[in-house]
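Engineer: just a sequence and a predicted model for now, questions to come.
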Amino acid sequence: MANRVICDIPLNRVEGDLEIKVAVEDGRVVDAWSSGTMFRGFERMLVGRAPLDGLVITPRICGICSLTHLTAAAKALDGIAGVAPPPNAGRLRNVALMAETMQSDVRQSVLMHMNGFANVFHSGHDLYDQAVARYASLAGERSLDVVRQTKRIVEIIALIGGQWPHTSFMVPGGVVYAPPVSDILKCRNILSQFRSWYEGTVLGCPTERWLEVDSRQALEAWLAESSRHRESDVGFLIRFGLGAGLGNLGRGYDRFLSYGSLELPEGTTVAGTAGRLVAAGFAEGVTVEAFDQARIAEHVASSWYRDYPGGRHPFDGETEPVPSGDEGGKYSWSKAPRYKGLAAETGPLAERIVAGDPLFRDLIADGGANALVRQLARLTRPTTYFQAMDAWLGELIQRFGEPVYHHPGDLQDGEGIGLCQAARGALGHWVRIKDGRIAHYQIITPTAWNGAPRDSEGLRGPWEEALIGIPVSDPDNPALLGHVVRSFDPCLVCTVHVVGASGRRTL
Amino acid sequence: MPISLFWVQCGGCGGDSISFLNAESPNFVEVLKGAGIRLLWHPSLSDATIGERRALVERLRQGEEALDILVVEGSIVRGPSSTGMYDTHEGRPKKDLVAALARRARFVVALGTCASFGGIGVDGPIEASGLQFRRCEPGGLLGADFRAASGLPVVNLAGCPCHPEVLAGTLMALAVDVRLEMDEFNRPLAWYGMTVHQGCTRNEYHEYRIEEEDFGQKGCLFFHKGCHGPLVGGPCNKLLWNRRSSKTRAGVPCFGCTSPEFPTVDPFFFTRNIEGVPTALPNGIIRSHYLVYKTMAAAAAPERLKNRKAEI
């Protein structure tokens, strides 16, 4: 074992700091530990507060996806109150959430991931000079364009809910405000301008053309078809990513989880699966089965919380911090959520696999998931949103004047579950109200799924597993490791911030 | 000589950074360029490798490289039991890194309510505080007497998140040594010297005490729905958010997020009342006068407001 080296590798450019510890043998990762090192205590903070307070507190968990927490919190309370929001409230909630997801997808891809292509590690790549000119942080031409343009789409959220980030316009029973029709028209215009920009520069073609790409072969044909395709961000991602070997890195378990999202409002023309635009399901490889939240359990064997055996469903879960350093194999403030006892990845790729998307099923058919295909699913997700968003805004205009809120009655007692797909994947809030106060609040974030530590069986979390086999030449500049972890779009502020001991030691 | 800026995130959500990406005219990049600021490090947006960052931090700590502006985002996590081990950096409490860098910086900016006053987590197990305050109480991480090398205390840019234009304006002012006049909580008066209420499109309803007891209506949210707009300072309804609107315009009560007391222990969406009049009244108001004024105003309310005919 003389050549086995343990490296502590903090990563930059994730939402929050992250430290990964890897064991390297002969220049490749043979084991990995993902450690969340900040505890923020949201779940404990909420207990004892008034039922609606989760609508204000939980969006503050995450600055880049605060609306998804609002969505989950509001849905949990809808359930407790036993009210279904009126159709127009559903439309307003959906459109706002989609706007947030699209800004996140483009910002994360260009500002936090593709700027890694400008890392000196890639200086031997044929496209390196172009990568620097395009994506160098806050200096590259594409980076500057993304800073200029991505803030536009969240103006839709301001028109519907007042501001972004950190609004609380969703409440049990609907939303607090019916924007005037003139503002809905503005939203439609903002969407249409964003779509033109996205198709013109990020995608390089009309959405309809992209949606025809249904296999690896069709993707190659799309690339060959036009220089606009090749020069778009999507085209560049594919060309650079293939050259850098990202298509063969970061496989993981090939298990995919989606809670489903964006419920179809009654009377809509938008089609979906089982009443949602984004399908729910669990897939092993490309074999999809129905999703049942009862099969979720969280383990704490490797997490700095009071021990319990096995896993617990979030309604039975607890969050009792035990800051015990390296004792007893605990190494993260993230718990380890498991589905049917199994680690599973979540995010835009998981959504596509669960939905049975032919392109992404084909792309993982031979070698499984990888860093490139995850990022491609993220950067092209807006193509799956545009038509539905525009239709819902159109329906809001046609059905202007219909209610956006039903009074939910009192919230004295009950249990509610709020599930949705955040930009980074499956998000759930499990809430119990007793005697008019929050008695129990458990949250499982997408990054808890993806960046989980080992469970009570000692099995690695998804990105720990995905790191196995990655070449590491310079621990101070672990570029490939960074691409693999960033392909999961880690949002550590949601789960933890991560940190660990510095330095290296040879075993 | 460019002005150097180091950005550190502590116990927060990153929302102030994300909000700053929404800055308009000048935008994020234009602010830095226009003010001659060199961004040494931002945790989400920098190219530097971790090795380079480690060396940079060491040079800053030793004073070998000048640090003009330190921006701190997120609360200072001091738990458990004042150790700071709920939020560590390279195995040490992150609060110690912040304290060391603050001692070297010419200006220290607390970005957002968490960094200013503790914010989310201030009453929780993480024992959060701000850089120089814990809620309204002076002290915090650096102590009430702390002064940066410029002679200024920590500049508190409160808000959850901080409005991007407030940070842009502050950075541009600090870069040319313009001294911003500040209030008792060291928030620049230029942005916190007006109430959130100013500019709310529901003001006519407020004026005549047309109150809402439920969501989805056009009237004022101060009397029953927990709106802090008349009680706290902030530019939300002057600058607007994302160029378009504000929470109060869109029917979401102001939660008072620029206040050192945010988040309050009282429920949100709820106003504590005595006989229909809020227990907390706008600064400087005598309760008995207010009662008379609002009773007369309600009596004078025109039908078009009572019938919610005025658009908002």
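Structural biologist: That came through, no problem.

Engineer: correct me, but B:Ala115 touches B:Leu70?
Structural biologist: No - at 10.6 Å, B:Ala115 does not count as touching B:Leu70 under the criterion of C-beta atoms under 8 Å. The way it works is simple: take the backbone N, C-alpha and C, and place the C-beta from them, glycine included.

Engineer: in terms of neighbours, single out the busier of those two.
Structural biologist: Of the pair B:Ala115 and B:Leu70, B:Ala115 is the one with more neighbours under other C-beta atoms under 10 Å in any protein chain shown, namely 36 against 26.

Engineer: list the contacts of that one.
Structural biologist: B:10, B:12, B:16, B:72-76, B:130-131, B:156 (C-beta atoms under 8 Å, 6 or more residues apart in numbering or on different chains).

Engineer: next: A:Ala32.
Structural biologist: Contacts of A:Ala32 (C-beta under 8 Å, 6+ apart): A:20-23, A:460, A:463-465, A:467-468.

Engineer: farthest-apart pair in these, please.
Structural biologist: A:Ala23 and A:Trp463 (15.3 Å; C-beta to C-beta).

Engineer: quick one: which of the two has more around it?
Structural biologist: Neighbour totals were compared for A:Ala23 and A:Trp463, and A:Trp463 leads with 27 against 17 (other C-beta under 10 Å).

Engineer: name the element that one belongs to?
Structural biologist: Using DSSP states H and E, the element containing A:Trp463 is helix A:462-466.

Engineer: the following helix or strand past that helix - contacts with which helices or strands?
Structural biologist: Note on helix A:462-466: by DSSP H and E, the next helix or strand toward the C-terminus is helix A:479-486. On a contact count with 3 or more C-beta pairs under 8 Å, 6 or more residues apart in numbering or on different chains; DSSP states H and E, helix A:479-486 meets strand A:4-14, strand A:16-25, helix A:371-379, helix A:462-466.

Engineer: if we use 7 Å, what do you get?
Structural biologist: strand A:4-14, strand A:16-25, helix A:462-466 (3 or more C-beta pairs under 7 Å, 6 or more residues apart in numbering or on different chains; DSSP states H and E).

Engineer: can you list contacts of it?
Structural biologist: A:9, A:11, A:13-14, A:18, A:20, A:112-113, A:116, A:119, A:121-122, A:246, A:249-250, A:371, A:463, A:466-467, A:470-472 (C-beta atoms under 7 Å, 6 or more residues apart in numbering or on different chains).

Engineer: quick one: buried ones out of these?
Structural biologist: Buried members of these, counted by 16 or more other C-beta atoms under 10 Å in any protein chain shown: A:9, A:11, A:13-14, A:18, A:20, A:112-113, A:116, A:119, A:121-122, A:246, A:249-250, A:371, A:463, A:466-467, A:470, A:472.

Engineer: picking up where we left off before, dump the helix holding A:Trp463 to CSV, restricted to CA.
Structural biologist: As requested, the backbone C-alpha atoms of helix A:462-466 are provided in CSV (Å, rounded to 0.1, in the frame of the first residue of the first chain):
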residue,chain,number,x,y,z
PRO,A,462,-23.7,8.6,-5.3
TRP,A,463,-20.9,11.1,-6.0
GLU,A,464,-18.5,9.2,-3.7
GLU,A,465,-19.2,6.2,-5.9
ALA,A,466,-18.9,8.3,-9.1
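
Engineer: where along the stretch 101-250 of chain B do the strands fall?
Structural biologist: B:105-111, B:133-134, B:137-138, B:155-157 (DSSP state E, counting those that start in this stretch).

Engineer: out of these, flag the one nearest chain A.
Structural biologist: strand B:105-111 (11.5 Å; C-beta to the nearest C-beta).

Engineer: show residues contacting the closest one.
Structural biologist: The contact list for strand B:105-111 (C-beta under 7 Å, 6+ apart) reads B:16, B:67-73, B:102, B:116, B:130-131, B:148-150, B:152, B:154-157, B:162, B:167, B:170, B:174.

Engineer: recalculate using a threshold of 8 Å.
Structural biologist: By C-beta under 8 Å, 6+ apart, strand B:105-111 touches B:6, B:16, B:66-73, B:102, B:116, B:130-132, B:142, B:148-150, B:152, B:154-157, B:162, B:167, B:170-171, B:174.

Engineer: in the stretch 51-200 of chain B, which residue sits closest to chain A?
Structural biologist: B:Gly51 (2.9 Å).

Engineer: am I right that that residue is in a helix?
Structural biologist: Yes - per DSSP: H, G, I helix; E, B strand; the rest coil, B:Gly51 lies within a helix segment.

Engineer: doesn't B:Glu58 make contact with it?
Structural biologist: No - contact criterion C-beta under 8 Å: B:Gly51 and B:Glu58 do not qualify, at 11.2 Å.

Engineer: okay, strands next: where are they in the stretch 201-350 of chain A?
Structural biologist: Under DSSP E, counting those that start in this stretch, the stretch 201-350 of chain A gives strands at A:255-263, A:276-284, A:287-289, A:296-299, A:311-312, A:336-339, A:345-346.

Engineer: check which helix or strand covers B:Ile69.
Structural biologist: With DSSP H and E as the criterion, B:Ile69 is inside strand B:67-73.

Engineer: ok, back up a step: would you format the contacts of B:Ala115 as TSV with distance to A:Pro179 included?
Structural biologist: Listed next are the contacts of B:Ala115 as TSV, based on distance: C-beta to C-beta, whole Å:
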residue	distance to A:Pro179
B:Cys10	36
B:Gly12	30
B:Asp16	26
B:Val72	36
B:Glu73	31
B:Gly74	32
B:Ser75	34
B:Ile76	39
B:Gly130	35
B:Leu131	38
B:Asn156	33
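
Engineer: flag whichever of those residues scores worst on pLDDT.
Structural biologist: Lowest pLDDT among the contacts of B:Ala115: B:Gly12, with 90.

Engineer: that residue reaches B:Val71, doesn't it?
Structural biologist: No - in this structure, B:Gly12 is not within contact of B:Val71 by C-beta under 8 Å, at 11.8 Å.

Engineer: the two: who's more crowded?
Structural biologist: Legend: neighbour count by other C-beta under 10 Å for B:Gly12 and B:Val71, higher for B:Gly12 (32 against 27).

Engineer: what separates the more buried one from B:Cys236, distance-wise?
Structural biologist: According to C-beta to C-beta, to the nearest Å, B:Gly12 and B:Cys236 sit 20 Å apart.

Engineer: what stretches of the stretch 201-312 of chain B score poorly on pLDDT?
Structural biologist: Applying pLDDT under 70 to the stretch 201-312 of chain B picks out no residues at all.

Engineer: which parts of it sit against chain A?
Structural biologist: B:214-216, B:236, B:240-252, B:255, B:257, B:263, B:267-270, B:311 (C-beta under 8 Å from any C-beta of the partner chain).

Engineer: in helices, which of the residues you listed fall?
Structural biologist: B:Cys236 (DSSP state H).

Engineer: any of the residues of the stretch 201-312 of chain B next to chain A buried? List them.
Structural biologist: Buried subset of these (neighbour count, 16+ other C-beta under 10 Å): B:215-216, B:236, B:240-242, B:244-252, B:255, B:257, B:263, B:267-269.

Engineer: list the contacts for residue 279?
Structural biologist: Reading this off chain A. A:258, A:260, A:272-273, A:351, A:354-356 are the contacts of A:Ala279 under C-beta under 8 Å, 6+ apart.

Engineer: can you look at chain B instead?
Structural biologist: B:272-273.

Engineer: distance of it from A:His113?
Structural biologist: In terms of C-beta to C-beta, B:Thr279 sits 50 Å off from A:His113.

Engineer: got phi/psi on the residue of the stretch 301-450 of chain A found nearest chain B?
Structural biologist: Relative to chain B, the nearest point of the stretch 301-450 of chain A is A:Tyr405 (3.8 Å; C-beta to the nearest C-beta). When quoted as degrees, to the nearest 10, the phi and psi of A:Tyr405 stand at phi -150, psi 130.

Engineer: re earlier: would JSON lines of the contacts of A:Ala32 with distance to chain B and pLDDT be doable?
Structural biologist: As requested, the contacts of A:Ala32 are arranged in JSON lines below (distance: C-beta to the nearest C-beta, whole Å; pLDDT from 0 to 100):
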{"residue": "A:Ile20", "distance to chain B": "11", "pLDDT": "85"}
{"residue": "A:Lys21", "distance to chain B": "12", "pLDDT": "87"}
{"residue": "A:Val22", "distance to chain B": "13", "pLDDT": "90"}
{"residue": "A:Ala23", "distance to chain B": "18", "pLDDT": "92"}
{"residue": "A:Arg460", "distance to chain B": "23", "pLDDT": "98"}
{"residue": "A:Trp463", "distance to chain B": "18", "pLDDT": "95"}
{"residue": "A:Glu464", "distance to chain B": "19", "pLDDT": "97"}
{"residue": "A:Glu465", "distance to chain B": "23", "pLDDT": "98"}
{"residue": "A:Leu467", "distance to chain B": "16", "pLDDT": "96"}
{"residue": "A:Ile468", "distance to chain B": "21", "pLDDT": "97"}
